[in-house]
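>>> How does the following fold in three dimensions:
(4 chains)
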There are 2 protein chains.
Amino acid sequence: MNYNYQTPRYLLVIDQIKEKINDGELEPGERLPSETDFAKELRVSRNTLREALRILEEENIIIRKHGVGTFVNKKPVFSGGIEELFSITDMIQREDKIPGTELLFTGSVDPHSDDIKELNLNENEQVLLVKRVRTADGSPLVYCIDKIPANLLAKGYKLNEESMLKSLQEKAGITISYAKADIKTIGYHEEISEILNCDSDTPLLILKQIHYDLSDKPILYSLNFFRSDQISFSVFRKRVF
Amino acid sequence: MNYNYQTPRYLLVIDQIKEKINDGELEPGERLPSETDFAKELRVSRNTLREALRILEEENIIIRKHGVGTFVNKKPVFSGGIEELFSITDMIQREDKIPGTELLFTGSVDPHSDDIKELNLNENEQVLLVKRVRTADGSPLVYCIDKIPANLLAKGYKLNEESMLKSLQEKAGITISYAKADIKTIGYHEEISEILNCDSDTPLLILKQIHYDLSDKPILYSLNFFRSDQISFSVFRKRVF
DNA sequence: CTATAAAGGTGAGACGTCCAACAAGTCAAC
DNA sequence: GTTGACTTGTTGGACGTCTCACCTTTATAG
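Next up is the predicted model:
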């Protein structure tokens, strides 16, 4: 096995340009050298440079104006919205809080009809059901229900207390690539509101997700009930023309 | 001399391939000809074909596997999540319902401190405040508060009853390019829950948005309160590596 | 029979070159 | 002064060619 990664040139070029921007060598709003000149300066062909510029434009780091020039974008690209897939562990850490986990239940169960549909299961296939409460700095933040087809996991699969995504990656070799999420809300849930220790005036934000792997196979069905007084979801919405 | 190169070749190639897929000439899951062969067949250079394939891959229409081949994607690309920016009018129409509007208030007012911050206003700048209830098939769905800096609009600016985005585009020549949205929830709002005609058990989903134009200038600050029993937000979440 | 090596096909990346489309400035003719 | 052709410099698009990395299949050695 020779993992002979050789980083493509255009990716190196991207890094070089980003570095120039971060180092202040290229100021926001400033015009880049012409493609011909810049290619010479970076010692790559114009096409390679263009490939890099194309991606940088996609990432909103530069703006290209036909017949005028290429410019460093002014605005700091904000992101980190939930259109990017990250784990609840990450979500908590981004708020500079310490994530914790309280395991409520784990074991194989027969799936509900919903699960069969969403996870594309066979008749007799069981699912690994995990119920947890995730805490931020010790106080309960979200009630999590996760379901994974049992046959995807080795017998001795041991759930660690960290991110489910990370755990799937490292323990089962499954890479989650994307998820289809649905955001709802519910006023009060007898059991869950109790566990999250929030009163009847505080609604719960529900994040219902189906996670898929690289070959579009449904892997993980999860329901998350958030305390709405401690969380909100931000989304970067882009106009599609 | 003037050959018919109005639209770029690679865009034509994209259309040709899409057409082949829609016509059933290329079945979902089927392998495309190799790049070399396909380029010959379509009478373009391999580079041009690759540019087309690159874009088709981005659009999730095909999947390329290094050393194996290029395949037509099986699954229908789901999207339409709120990571794509569309108006509430669109949102309602996508549910096959008839959008309606009830205008509650419109006029110029002094901005709040929040507005000044979010819309990047000057001290004495007024904002056009619009309060509306949007209905779907006649029944109230969402309570909308919109604020636009007054100086962006001509004196005689007349709000039509349609989409604010569309109105800004057509009447004021302002193109909204993207928005930063925040999703919250609230259990009950004395005034708004009343207007939306929903009881105290039904929480409201709040969509708070700041809309920006093509040059990243904040244009529109909006607060939308949705009846949570009639709406949920779907998001396509993608892993970023 | 199995395991390993070689071969061939595939997409990925890169280069040099050419022409077209676009924007802005220059300058002469009106 | 205004107009309109021309010039210059930019990004956009396209081509042909080459090498590399990756995967599958086949052939071969044991």
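
>>> Any buried residues in stretch A:124-134, and which?
For stretch A:124-134, a neighbour-count test (16 or more other C-beta atoms under 10 Å in any protein chain shown) marks A:125, A:127-134 as buried. Where you see a C-beta, it was placed from the backbone N, CA and C, and this is true even at glycine.

>>> Just name the closest of the residues you listed to DNA strand D, please.
residue A:125 (26.1 Å; C-beta to the nearest atom of the strand).

>>> which residue packs closest to that closest one, ignoring adjacent ones?
Leaving out its chain neighbours, the residue that sits closest to residue A:125 by C-beta to C-beta, 6 or more residues apart in numbering or on different chains is residue A:149, at 5.9 Å.

>>> chain center to the helix or strand of chain A with the lowest mean pLDDT, what's the gap?
Lowest by mean pLDDT, DSSP states H and E among the helices and strands of chain A is helix A:164-172, with a mean of 84. Taking C-alpha atoms, centre = their mean, to the nearest Å, one finds the center of helix A:164-172 at 14 Å from the center of the full chain.

>>> hey, C-alpha coordinates of that helix in PDB?
What follows is helix A:164-172, C-alpha atoms only, in PDB (Å, rounded to 0.1, in the frame of the first residue of the first chain):
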ATOM      1  CA  MET A 164     -21.500   9.600  16.500                       C
ATOM      2  CA  LEU A 165     -20.000  10.700  13.200                       C
ATOM      3  CA  LYS A 166     -16.500  10.400  14.400                       C
ATOM      4  CA  SER A 167     -17.300   7.000  16.000                       C
ATOM      5  CA  LEU A 168     -18.700   5.600  12.800                       C
ATOM      6  CA  GLN A 169     -15.700   6.800  10.900                       C
ATOM      7  CA  GLU A 170     -13.100   5.400  13.200                       C
ATOM      8  CA  LYS A 171     -14.700   2.300  14.600                       C
ATOM      9  CA  ALA A 172     -16.800   1.100  11.600                       C
END
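
>>> Run through the neighbouring helices and strands of that helix.
Contacts defined by 3 or more C-beta pairs under 8 Å, 6 or more residues apart in numbering or on different chains; DSSP states H and E place helix A:164-172 against strand A:176-186, strand A:218-227.

>>> Could you list the residues of chain A in contact with DNA strand C?
Contact residues (C-beta under 7 Å from any atom of the strand) of chain A with DNA strand C: A:8-12, A:44-48, A:51, A:65-68.

>>> Mark which of the residues you listed are buried, thanks.
Looking at these with 16+ other C-beta under 10 Å, the buried ones turn out to be A:9-10, A:44, A:48, A:51.

>>> Quick check: closest non-adjacent residue to the residue nearest to the spatial centre of chain A.
In chain A, the residue lying closest to the centroid (C-alpha atoms, centre = their mean) is residue A:85, at 1.5 Å. Closest residue to residue A:85 in three dimensions, ignoring its sequence neighbours and counting by C-beta to C-beta, 6+ apart: residue B:237, at 4.0 Å.

>>> Just the CA atoms of the strand or helix carrying that neighbour, as PDB, please.
Assigned by DSSP states H and E, residue B:237 belongs to strand B:233-238. C-alpha atoms of strand B:233-238 as PDB (Å, rounded to 0.1, in the frame of the first residue of the first chain):
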ATOM      1  CA  PHE B 233     -37.600  23.700   7.400                       C
ATOM      2  CA  SER B 234     -35.500  21.200   5.500                       C
ATOM      3  CA  VAL B 235     -31.800  21.600   5.100                       C
ATOM      4  CA  PHE B 236     -29.400  19.700   3.000                       C
ATOM      5  CA  ARG B 237     -26.300  19.400   5.100                       C
ATOM      6  CA  LYS B 238     -23.000  18.600   3.400                       C
END
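
>>> burial count for residue A:115?
Other residues within reach of residue A:115, judged by other C-beta atoms under 10 Å in any protein chain shown, total 19.
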